[in-house]
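>>> the sequence and its predicted three-dimensional model are supplied below.
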Amino acid sequence: MPTLNKIRSALAGARGHGIATPSAPTLPDLRRFRAALTAYFALDGFLFAGWVVRIPAIKEQTGASSSALGLALLGVSAGAVATMVLTGRLCRRYGHRPVTAAAGFLLPLSVALPPLTHSVLALGLLLLVFGAAYGSINVAMNSVAVDLVAALRRPVMPSFHAAFSLGGMLGAGLGGLVAPHLSPARHLLLLAAAGLLVAGWATRPLLATALPPAEPAGRPAGEARLTGRARRLVAVLGLIALCTAYGEGALADWSALHLADNLGAGPGLAALGYSVFAGAMTVGRASGTALLERLGPGRTLIAGGALACCGMLLGALAPSVWAALAGFVLTGLGLANVFPVAIGRAGALAGPDGVAAASTFGYGGILLGPVAIGFLADWFSLTTALLTVSALAAFASVVAWAARHSVLPEGD
């Protein structure tokens, strides 16, 4: 079996470099480890989507205006971005897996907090806590995923992000079903309980399995801090992540409005906009490992950016709802693997610090996208504003092409 041979080779190489492997992991051990890590990614998406679908009810509960709610919601992004770099340092000091396990318990505990408040100020502060837990687990579990990719010697990073996307779809679907019957507090409390059970199950295989540590590319083992050159290379990958995450954030908030206002879609059909985009991203990420093995990271990023560019041109300029939906599908397929590959390469180059830096860029793009689209829609039109998603996807493709030899070697 090729995979088993690669694992044995990786473990033998780890021993040859003096890396302690007190109990060499067997193939079943690594499968359990991968399943546990996949559970963390799915849990992350599931809990975040569960919170998102209850935002309208919590807005009504707090009596917040739209502008006040917008400011409170910034707490999630602010908390996430503020803790990402700190989490990278914690991973370097205590290890990726213990930090992932701790954040895995903090996230479900924090998701139960927002519906307990009845004031906008308290909501913003509690969302800051939720955002901090969300940012921490994203950096930590992506750092663990980088190690597993190195141990397996297979580009499996997209499969974890597929689990995140699938968890988000399940969380949103379940939230829509229970919203008429459960209060936000009860709903999110049940999600927290389920999340704690999943985290409790995943902690044991995550901490018990010894992996050969991943060595950042081109740097001595054990050197975890970012050098000047590594910072520049990680910044390039972060820029690629930002450009594509911008599109994710923009389509999450504006796709339905585009279909309704510009193309006359009814509420049900307009809601399909983000659903087909998210579904296409899930499918694209599920097939990402095979795609990376066939094309390599450089060509995957270049092709993904180009496909997203063409898809968003169709989505923004289409004369009919169904043509626009087809454009959103192409955009989702194109963007699907760009963010995971960029984060994975940043981790391979610079360890958890690289993951933290590139993730900060990426989540900055998710934060920037909806706001930028709103301003541009006011100044020009929503159609024109959505074309910036296409432009940035094309820019990401060009950057990936320019960086294909320095940070995206095809032999990786």
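Yes, it's here. Numbers count the residues shown, from 1 in each chain.
>>> check contacts around L43.
Contact analysis of L43 by C-beta atoms under 8 Å, 6 or more residues apart in numbering lists G104, L107, P108, G167, G195, V198, A199, A202. No exception for glycine: its C-beta is placed from N, CA and C like everyone else's.
>>> helix/strand/coil for the fourth one?
Meaning G167. Each residue gets one of three states, and G167 gets helix by DSSP: H, G, I helix; E, B strand; the rest coil.
>>> in contact with it, which residues?
F41, A42, L43, D44, G45, F46, A49.
>>> mind redoing it with 7 Å?
F41, A42, L43, D44, G45, F46 (C-beta atoms under 7 Å, 6 or more residues apart in numbering).
>>> one more: L148?
Counting by C-beta under 7 Å, 6+ apart, L148 makes contact with F33, R34, L37, V156, L211.
>>> nearest to V276 among the residues you listed?
Nearest to V276, judged by C-beta to C-beta, of the contacts of L148 is V156 at 25.6 Å.
>>> T244 and V341, how far apart?
10 Å (C-beta to C-beta, to the nearest Å).
>>> ignore what I typed, I meant G332.
Distance from G332 to V341, by C-beta to C-beta: 16 Å.
>>> and if you look at C310?
From C310 across to V341, the span is 19 Å (C-beta to C-beta).
>>> swap in F375?
Counting by C-beta to C-beta, the gap from F375 to V341 is 30 Å.
>>> and F48, by the same measure?
21 Å.
>>> hey, which helix or strand in the protein has the poorest pLDDT?
helix 2-16 (a mean of 43; mean pLDDT, DSSP states H and E).
>>> ok, the nearest residue to V236 once chain neighbours are set aside - how many residues close by?
Of all residues not flanking V236 in the chain, A403 sits nearest, at 5.1 Å (C-beta to C-beta, 6 or more residues apart in numbering). As a burial measure, A403 scores 18 neighbours (other C-beta atoms under 10 Å).
>>> before we move on, the earlier item: most neighbours among the contacts of L43, which one?
The most crowded member of these, judged by other C-beta under 10 Å, is G104 (27 neighbours).
>>> ok, it touching I137?
Yes. In this structure G104 lies within contact range of I137 using C-beta atoms under 7 Å: 6.2 Å.
>>> overlap in contacts, the two.
Y40.
>>> what's the neighbour count on L27?
For L27, the neighbour count with other C-beta under 10 Å is 12.
>>> got JSON lines for the contacts of L148, with pLDDT and distance to A68 too?
Compiled in JSON lines, those are given as follows (pLDDT from 0 to 100; distance: C-beta to C-beta, whole Å):
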{"residue": "F33", "pLDDT": "91", "distance to A68": "44"}
{"residue": "R34", "pLDDT": "92", "distance to A68": "43"}
{"residue": "L37", "pLDDT": "95", "distance to A68": "38"}
{"residue": "V156", "pLDDT": "87", "distance to A68": "43"}
{"residue": "L211", "pLDDT": "70", "distance to A68": "46"}
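>>> so which of those comes closest to A324?
V156 (33.0 Å).
>>> not counting sequence-adjacent ones, nearest residue to the closest one?
On the basis of C-beta to C-beta, 6+ apart, the spatially nearest residue to V156 that is not a chain neighbour turns out to be T289, at 5.1 Å.
>>> check N337 too.
Spatial nearest neighbour of N337, chain neighbours left out: G288 (4.3 Å); criterion: C-beta to C-beta, 6+ apart.
>>> quick check: that neighbour touching F160?
No. Shown here, G288 and F160 do not form a contact pair, counting by C-beta under 7 Å, at 9.6 Å.
>>> helices or strands next to the helix or strand harbouring A230 in the packing?
Using DSSP states H and E, A230 maps to helix 228-257. Judged by 3 or more C-beta pairs under 7 Å, 6 or more residues apart in numbering; DSSP states H and E, the packing partners of helix 228-257 are helix 267-286, helix 288-317, helix 321-335, helix 338-379, helix 382-402.
>>> T100 is nearest to which of the ones you listed?
Per C-beta to C-beta, nearest to T100 of the helices and strands packed on helix 228-257: helix 338-379, 10.6 Å.
>>> enumerate every residue touching P158.
By C-beta under 7 Å, 6+ apart, P158 lies in contact with R285, G288, T289, L292, N337, P340.
>>> measure the first one to H405 for me?
Computed with C-beta to C-beta, the distance linking R285 and H405 is 26 Å.
>>> try the fifth one
Using C-beta to C-beta, one gets 20 Å for the distance from N337 to H405.
>>> the two: who's more crowded?
Between N337 and H405, counted using other C-beta under 10 Å, the more crowded position is N337 (30 against 10).
>>> could you dump the helices and strands packed on helix 228-257 into TSV with distance to I58 added?
Below are those laid out as TSV (distance: least, C-beta to C-beta, whole Å):
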stretch	distance to I58
helix 267-286	20
helix 288-317	30
helix 321-335	28
helix 338-379	18
helix 382-402	27
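>>> quick check: angle from the helix or strand hosting R93 to helix 228-257?
Here R93 sits within helix 66-94, counting by DSSP H and E. Here helix 66-94 runs at an angle of 150 degrees relative to helix 228-257 (axes from the mean of the first three to the mean of the last three C-alpha atoms, to 10 degrees).
>>> so which bits of helix 66-94 are buried?
Neighbour counts using 16 or more other C-beta atoms under 10 Å place 68-69, 72-81, 83-85, 87-88, 90-92 of helix 66-94 among the buried residues.
>>> repeat that for stretch 182-191.
Neighbour-count burial for stretch 182-191, counted by 16+ other C-beta under 10 Å, picks out L182, P184, A185, H187, L188, L189, L191.
>>> same deal with stretch 113-132?
Buried, per 16+ other C-beta under 10 Å, within stretch 113-132: 113-115, 117, 120, 123-132.
>>> widest-spaced pair of those?
V120 and A132 (19.0 Å).
>>> for L182, helix, strand, or coil?
Put simply, L182 is coil when judged by three-state DSSP.
>>> alright, I will stop here.
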